[in-house]
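Visitor: For reference, the sequence and a predicted model appear below.
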Amino acid sequence: MRWRLLWFTLGVLAVAAARAEGGCAPALDFAMRPLAGSEPVRLCEVYRGQVVMIVNTASKCAFTPQYEALEALYAKYRDRGFVVLGFPSNDFGGQEPGTEAEIQEFCRSTYGVKFPMFEKTHAGRAQADPLFRGLGELAGEYPRWNFHKYLLDRDGNLAASFGSFTRPDSGKVVEKIEALLGD
């Protein structure tokens, strides 16, 4: 038991030291390509210090109307340091079959999405890309369907995980976002 505590303490100190030196929080330590873009961006460099909601999305799903609520949250809280990051995935029911350009056009024209969208990826446990594998391990749960939401605090720590049935504008999600934004 003591060795676990020692390893945990050393791990916490290593993460703190890396952050103090400008390192990335593990949950954001990934380079991802913007949707239909060509150059990857390091998430921790762009979104450091913000409250971040990461969502696996799909265009042909019963939960697709959540794009509207996600965009509304982004519009309401972005000036306070909140951002939504969307990651299209075709893992669940083949509900995101389009190209990245098609997905981008659909999101903009149908739901007015302005929050950052990133490359089409795998979010399901079996083939999860490193970002979703890390989030799934931290949360103890992987997306079981489209529109699973992971919420990170300003330090990049996992603060909450919400399944597909929890709407982005539900009271418990909004309450958590507002608590993390502080002010």
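Guide: Sure, I can see it. Residues are numbered from 1 along each chain as shown.
Visitor: Distance check, the nearest residue to Arg78 once chain neighbours are set aside against Gln104.
Guide: Setting aside the residues directly before and after it, Arg78 is nearest to Phe115 in space (Cβ to Cβ, 6 or more residues apart in numbering), at 8.0 Å. Where you see a C-beta, it was placed from the backbone N, CA and C, and this is true even at glycine. Distance, Phe115 to Gln104, using Cβ to Cβ, to the nearest Å: 12 Å.
Visitor: One more: Cys44?
Guide: 24 Å.
Visitor: Compare neighbour counts for the two and give me the winner.
Guide: Cys44 (21 against 18; other Cβ atoms under 10 Å).
Visitor: Next one: that one from Gly23, what distance?
Guide: Taking Cβ to Cβ, one finds Cys44 at 8 Å from Gly23.
Visitor: how about the strands of the chain, start to end?
Guide: Listed from the start of the chain, the chain has strands (DSSP state E) covering 31-32, 41-42, 51-57, 82-88, 149-152, 158-162.
Visitor: What strands flank the third one, and is each parallel or antiparallel?
Guide: Within its sheet, and counting by DSSP bridges, strand 51-57 is paired with strand 82-88 (parallel), strand 149-152 (antiparallel).
Visitor: centroid residue for the protein?
Guide: With distances taken as Cα atoms, centre = their mean, Ile54 lies nearest the centre of the chain, 1.2 Å away.
Visitor: In the chain, where is pLDDT below threshold?
Guide: 1-22, 183 (pLDDT under 70).
Visitor: Repeat the analysis, applying 80 as the threshold.
Guide: Applying pLDDT under 80 to the chain flags residues 1-23, 183.
Visitor: quick one, helices of it?
Guide: Under the criterion DSSP state H, the chain contains helices at 2-20, 43-47, 66-77, 100-111, 130-139, 171-181.
Visitor: Select, out of those helices, the one closest to Leu158.
Guide: Minimum separation from Leu158 across these (Cβ to Cβ) falls at helix 130-139, 4.4 Å.
Visitor: tell me which residues of that closest one are tucked away?
Guide: 131-132, 134-136, 139 (16 or more other Cβ atoms under 10 Å).
Visitor: which among those residues gets closest to Asp29?
Guide: Ranking the buried residues of helix 130-139 by separation from Asp29, with Cβ to Cβ as the measure, puts Gly134 on top at 8.1 Å.
Visitor: was I right about that closest one contacting Ala25?
Guide: No: contact between Gly134 and Ala25 fails when scored by Cβ atoms under 8 Å: they sit 10.3 Å apart.
Visitor: and of the strands of the chain, who's closest to Thr121?
Guide: Using Cβ to Cβ, the nearest of those to Thr121 is strand 82-88, at 5.0 Å.
Visitor: now the closest one and helix 171-181, what's the angle there?
Guide: On the basis of axes from the mean of the first three to the mean of the last three Cα atoms, to 10 degrees, strand 82-88 is oriented at 120 degrees to helix 171-181.
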